[in-house]
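# Generate a structure from the sequence data that follows.
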Amino acid sequence: MGKIITVANEKGGVGKTILTVNLGAALSIRGQRVLVIDMDPQGNASYMLSKNISEENPSMYKVLVNKDEKISAIIEHTSTENLDLAPSNLHLAGAEIQLIQEYGREFALKRSFTPEIMEQYDYIFIDTAPSLSLLTVNSFVAADYVLIPVFSDFLSLVGLNLLFDTIKISQENLGSKVEVLGLVITKYDSRENISEEAINLLKINFGGLLYETMIRTNVRLKESPAKRQTIFQYDPVCVGARNYLALANEFLNKIR
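I've put the predicted structure just below:
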């Protein structure tokens, strides 16, 4: 039975999509069957992974607003073996407006997971928008775990309490069983003293939730999205690729 992991942080620019796509790709290299669900109307994960982006193609918008539409109907195979995509586009922003008046609106995503999908994949990653919106709440309710990307600076700490409060509300008011799987530092620069200070503060506040593997600042990681490639397609021997393989190993050890 597959595990569902929502990648979330209300702060923008912390590397949610890069983490989702490259951790998913790293796990696929490790022989795991992975599905990435793009729940961000900006569709950045879809831009990186989809072979044929079009506003007319079936997307997560159709899944959320049509109760009879299942995720399996929109899944695309990517150019990475064992890595599939449920794409998004700008229409997804309209789904939130349509759902707001629906009964059980927080469960729209969860309803779309069929037993067949859960058996087909080992891990399902949900990439979210940088906001605590209804779409993000749907992602929490549907998930088994939340993975939180952070930068090693003090601004990344801002808003984490609000994120944890939203997760708690999902647990207490919506019956979600979601658990925080951990925090991953996605932009670490050992040359900056502030990085070490921020990491120490993260350790004090979040202890064992902080992953030991850190993704170091790497220009190849910045370049790969523009080429619409995972880091393993763009430069499989760079520091970023090695970091993500190490992160995949730690992820598997934690989740098992």
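# contacting residues for A226?
By Cβ atoms under 8 Å, 6 or more residues apart in numbering, A226 lies in contact with nothing. In short, each C-beta sits where N, CA and C put it, glycine included.
# Wait, a helix at it?
Yes. The assignment for A226 (DSSP: H, G, I helix; E, B strand; the rest coil) places it in a helix.
# In the helix or strand where G240 lies, which residues are buried?
Using DSSP states H and E, G240 falls within helix 239-255. Going by neighbour count (16 or more other Cβ atoms under 10 Å), the buried part of helix 239-255 is V239, G240, A241, N243, Y244, L245, A246, L247, A248, F251.
# Where does pLDDT dip in the stretch 101-250 of the chain?
Within the stretch 101-250 of the chain, the stretches with pLDDT under 70 are 155-156, 192-194.
# Could I get the full set of helices for it?
108-111, 115-120, 134-142, 160-174, 193-206, 219-223, 231-234, 239-255 (DSSP state H, counting those that start in this stretch).
# Save those helices as JSON lines, and put in distance to G12 too.
Converted to JSON lines, those look like this (distance: least, Cβ to Cβ, whole Å):
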{"stretch": "helix 108-111", "distance to G12": "21"}
{"stretch": "helix 115-120", "distance to G12": "29"}
{"stretch": "helix 134-142", "distance to G12": "13"}
{"stretch": "helix 160-174", "distance to G12": "13"}
{"stretch": "helix 193-206", "distance to G12": "18"}
{"stretch": "helix 219-223", "distance to G12": "16"}
{"stretch": "helix 231-234", "distance to G12": "21"}
{"stretch": "helix 239-255", "distance to G12": "20"}
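# Tell me which of those approaches Q32 most closely.
helix 239-255 (7.8 Å; Cβ to Cβ).
# Figure out how far the closest one is from the centre of its chain.
Offset of helix 239-255 from its chain centre (Cα atoms, centre = their mean, to the nearest Å): 15 Å.
# One more: stretch 161-174?
18 Å.
# What residues of it count as buried?
Buried residues in stretch 161-174, counted by 16+ other Cβ under 10 Å: L163, T166, I167, S170, L174.
# How about stretch 177-187?
Those would be V178, L181, G182, L183, V184, I185, T186, K187, for stretch 177-187 by 16+ other Cβ under 10 Å.
# With stretch 128-138 instead?
Buried, per 16+ other Cβ under 10 Å, within stretch 128-138: T128, A129, P130, L132, S133, L134, L135, T136, V137, N138.
# which residues does P225 contact?
T17, I18, N44, Y47, M48.
# For the last one, grab the count of nearby residues.
This points to M48. By the measure other Cβ atoms under 10 Å, the count of residues near M48 is 26.
# What of the second one?
One way to gauge burial is a neighbour count; for I18, by other Cβ under 10 Å, it gives 26.
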